[in-house]
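In: quick one: sequence and predicted model below, then my questions.
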Amino acid sequence: MRFTAQFAFALLAASLLAVSSALCQDAGWQESHDAGYWLSQTQSDYKQGSYSLAMDDIDEYLDLNSTDVWAWNFRANLAIRLKRYSEAVDSFDQVISLDGNNAQAYNDRALILSGGLRRDEDALESIDKALQIDPNSASTWFNKGVILEDMKRYDEAVQAYNQSAELDATRDKTWYRMGLVLARMGNYEQALPNLEKAIEINDKNAEAWNVKGLIYREQSRITEAVSCFERAVAIEPKRAEFKNNLREASEAIVSSSANLTENMAENASADVNESIEGR
């Protein structure tokens with residue numbers, strides 16, 4: 001889930017301040033005051049990078065205000081930052097229990113189940129629930145493709161990426177991943193147009209350049225492969241994988257040239273011998 005923490009804090013703090021003012025004569029004033037304190041403390045610790053303390057703070061706040069969907073979402077994302085993935089899933093479950101039509105919570109829950117906990121079947125069930133609620137989310141279809149790709153269900157992954165591209169054709173990563181999966185399936189001729197589309201949208205997509213180069217190398221189009229690897233290395237010069245691919249392709253060209261020169265020399269020598277013997 002993406003959000004601007006400072007902005008959200010400001011909104012919620014302002015809301016609590018208004019409630020606090022209205023309840024000054026009420027028996028619940030102290031609880032409201034405490035909630036505002038813990039929210040303020042969460043903001044302070046979060047901004048200072050003290051994420052574990054911020055987690056303790058938001059837990060104190062939720063003890064006083066357990067139906068706050070925003071706070072559970074915040075807690076889930078904080079747990080992700082702390083790599084406490086099971087807690088993140090539990091927090092998203094709380095969001096869903098309070099707001100059963102929250103497609104984003106189902107989506108984000110799926111990403112953690114897959115990427116963090118490797119529970120791909122559970123992740124697929126969660127992402128499908130998100131798509132039942134919001135079938136027109138290009139990003140959710142993309143995420144379903146990633147999960148299916150991890151499960152090596154490549155045909156279904158391509159279908160999911162294709163659905164994402166139909167909803168939003170401007171996402172270069174969608175075209176790239178579709179091309180990548182098709183390449184893994186050996187469908188090089190289908191993969192290339194997708195990679196080229198990704199590069200057309202974003203010519204700084206180093207991964208797309210690299211995979212395009214790998215396909216050309218498989219097709220023995222070594223000169224074109226070198227050009228692609230050069231582009232990938234120029235964009236991400238620290239990627240060892242890209243540099244190795246460029247080196248190997250360049251060496252293949254040198255080796256091919258050396259073999260060609262040797263063959264030409266042998267043929268020329270044979271022609272000379274035949275000419276001499278024919279005299």
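Out: In hand now; what should we look at? Numbering: from 1, shown residues only.
In: which residues does Thr42 contact?
Out: Thr42 is in contact with 9, 54, 57-58, 61, 74, counting by Cβ atoms under 8 Å, 6 or more residues apart in numbering. Bear in mind the C-beta positions are built from the backbone N, C-alpha and C, glycine included.
In: so for it, what's the pLDDT?
Out: Thr42 is assigned a predicted lDDT (pLDDT) of 92.
In: tell me how far the host helix or strand of it lies from the chain's centre.
Out: Using DSSP states H and E, Thr42 sits in helix 29-47. Averaging C-alpha positions (Cα atoms, centre = their mean, to the nearest Å) puts helix 29-47 33 Å from its chain's average.
In: buried ones in the next helix-or-strand element following it, by neighbour count?
Out: Per DSSP H and E, the first helix or strand lying C-terminal to helix 29-47 is helix 51-64. Residues 54-55, 57-58, 60-62, 64 are the ones in helix 51-64 that count as buried (16 or more other Cβ atoms under 10 Å).
In: and Thr140, how many neighbours?
Out: 25 (other Cβ atoms under 10 Å).
In: ok, back up a step: and which of the buried residues of helix 51-64 is nearest Asp120?
Out: Taking Cβ to Cβ as the measure, Asp120 sits nearest to Met55 out of the buried residues of helix 51-64, at 27.1 Å.
In: which SS class is Lys173?
Out: helix (DSSP: H, G, I helix; E, B strand; the rest coil).
In: and it, what does it touch?
Out: So Lys173 contacts 142, 198, 205 (Cβ under 8 Å, 6+ apart).
In: look at the closest residue to Leu64 other than its chain neighbours and report its pLDDT.
Out: Spatial nearest neighbour of Leu64, chain neighbours left out: Ala35 (4.5 Å); criterion: Cβ to Cβ, 6 or more residues apart in numbering. Looking at Ala35, its pLDDT is 89.
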